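Participant: Any chance you could fold what I've pasted below:
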Amino acid sequence: MAEVKSLFEHKQYKELYSAADELSKQHPGSKEANEAQGYVAQAKNEEAAQLAKQQEEEQKKKELAQRSNQDKARSIIRVSKVSTDSPNSAGGVDLNIVWQNTSSKTVKYCYFTVVPYNSVNDAVSCTIRRSSEFTGKVTGPINPGQWNGENTSWECAWYNNTIVRADLIKIKIEYTDGTTEQLSGDQIKYVKF
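Facilitator: Presented below is the predicted three-dimensional model:
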């Protein structure tokens, strides 16, 4: 029994479980076997608590990393509006994106890649180019803190009279100092606020 207690105190749980199991097989229902099972129950509770603590710490790290990614993305650009106009008589659909340069650098070029959707949320293609993706280019300079895109649009970004909206999927920015940034995936979600 002293061995079982020692294994418990030194947190050697794997060995504890084996020793307690062996004791229960050799002396079923004995006081020692029951005490050993008590140590096993305590050890399992401690392991469960340790696992819960590790999962909580991992979750906190994940949330911190996500917040860090969000802060980084938001320090580059803010997109306040992505919209499409109603199709014209030829089925041409204009695209409008309103955005702000939230970085400390001057933007030389900014490229927005978007995909259009119909009223049942299916991605659709341009009937002329046969592609759903459209990349709009903005030529700067766009200074730090400056907004762009209000009252401007890319005319006939697509030809498809079923288009009702568009989703931004990628942003590429070239700065006047020669550096670039590219955002996609969750980063796009972070910059739309």
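Participant: Quick check: which ranges of this structure have low pLDDT?
Facilitator: Scanning the chain for pLDDT under 70 picks out the ranges 1.
Participant: and if we set it to 80?
Facilitator: Low-confidence segments of the chain (pLDDT under 80): 1-2, 4, 63-67.
Participant: Can you name the residues bridging to Gly92?
Facilitator: Beta bridges link Gly92 to Tyr159 when assigned by DSSP bridges.
Participant: what sits against it?
Facilitator: By CB atoms under 8 Å, 6 or more residues apart in numbering, the contact set of Gly92 is 155-156, 158-159. The way it works is simple: take the backbone N, C-alpha and C, and place the C-beta from them, glycine included.
Participant: Nearest to Leu183 among these?
Facilitator: Trp158 (22.2 Å; CB to CB).
Participant: That closest one: neighbour count?
Facilitator: Using other CB atoms under 10 Å, the number of residues around Trp158 comes to 29.
Participant: Which secondary structure state does the nearest residue to it once chain neighbours are set aside sit in?
Facilitator: Of all residues not flanking Trp158 in the chain, Cys126 sits nearest, at 4.1 Å (CB to CB, 6 or more residues apart in numbering). Assigned with DSSP: H, G, I helix; E, B strand; the rest coil, Cys126 falls in the coil class.
Participant: Contacts only, for Cys126.
Facilitator: Here Cys126 is in contact with 132, 134, 157-160 (criterion: CB under 8 Å, 6+ apart).
Participant: Check Asn160 too.
Facilitator: The contact partners of Asn160, taken as CB under 8 Å, 6+ apart, are 87, 91, 93, 116, 124-127.
Participant: Are any of the residues you listed buried, and if so which?
Facilitator: Listed as buried from those are 87, 91, 93, 116, 124-126; burial here means 16 or more other CB atoms under 10 Å.
Participant: right, and Phe193 touches Arg78 too?
Facilitator: Yes: in this structure, Phe193 is within contact of Arg78 by CB atoms under 8 Å, at 6.4 Å.
Participant: next one: stretch 183-193 to chain centre, how far?
Facilitator: Here stretch 183-193 shows a centroid-to-chain-centroid distance of 8 Å under the convention CA atoms, centre = their mean, to the nearest Å.
Participant: So what would you say the end-to-end distance of that stretch is?
Facilitator: Start and end residues of stretch 183-193 are separated by 15 Å (CA to CA, to the nearest Å).
Participant: Mind checking what helix or strand follows whichever strand or helix holds Gly136 in sequence?
Facilitator: Using DSSP states H and E, Gly136 sits within strand 134-142. Helices and strands here follow DSSP H and E; after strand 134-142, the next one along the chain is strand 147-148.
Participant: I appreciate the help and will end here.
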